[in-house]
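Asker: A structural model of the following input is requested.
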Amino acid sequence: MFSEMIADLNRSIMPEPVNLTKRFDFALTKKLGVVELPPAFRMQDSKINPRSDHLLWAAMLLLDRNRIELALSVIAVEVSEISRETGADYEDVVALRVADLTDQLLLQIPDTAQREKFESNLQKIMPDWPDDHQENAP
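Answerer: The predicted structure is shown next:
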């Protein structure tokens, strides 16, 4: 659902906010419908079950704190299921997942100045955002 967003980033083009907002809202609606299903019944087709990492990236690129928090809640649901199965500490797993996804998004932006500006803007809207990812940024 977000292949255009990723392709744009790789070409150092920030996605157009109006279209990305619509795409995010549509994808989130789909994702919430899938998350309500028991895990055994969830489809893996990204057109039906959008990837949670792409939802988070879209919300981050929009610099929209509310949408970021919605995407984080979807990730939290997914992580809680994994944590239950593995016995891992839920909060640690979520924090590591978010830091890793942030690193991955930053790697999608090849232009250093553009990446640094985006990261600075993200930090302004999410001042409590974990700084772990900055050590791994290119």
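Asker: Only C-alpha atoms from now on, for both contacts and neighbour counts.
Answerer: Will do.
Asker: Okay, now the unreliable bits of the protein?
Answerer: Within the chain, the segments meeting pLDDT under 70 span 82-88, 129-138.
Asker: ok, 90 please
Answerer: Low-confidence segments of the chain, defined by pLDDT under 90: 1, 12, 35-47, 77-97, 99, 125-138.
Asker: Could you pick out the longest helix of it?
Answerer: Longest helix in the chain by number of residues (criterion: DSSP state H): helix 65-86.
Asker: Output the contacting helices and strands for that helix.
Answerer: Using 3 or more Cα pairs under 8 Å, 6 or more residues apart in numbering; DSSP states H and E, the elements in contact with helix 65-86 are helix 17-35, helix 52-61, helix 90-107.
Asker: Now do the buried residues in the longest one.
Answerer: So the one you mean is helix 17-35. 20-21, 23-24, 27-28, 30-31, 34 (16 or more other Cα atoms under 10 Å).
Asker: Which of these sits closest to Leu9?
Answerer: Taking Cα to Cα as the measure, Leu9 lies nearest Leu20 of the buried residues of helix 17-35, at 12.5 Å.
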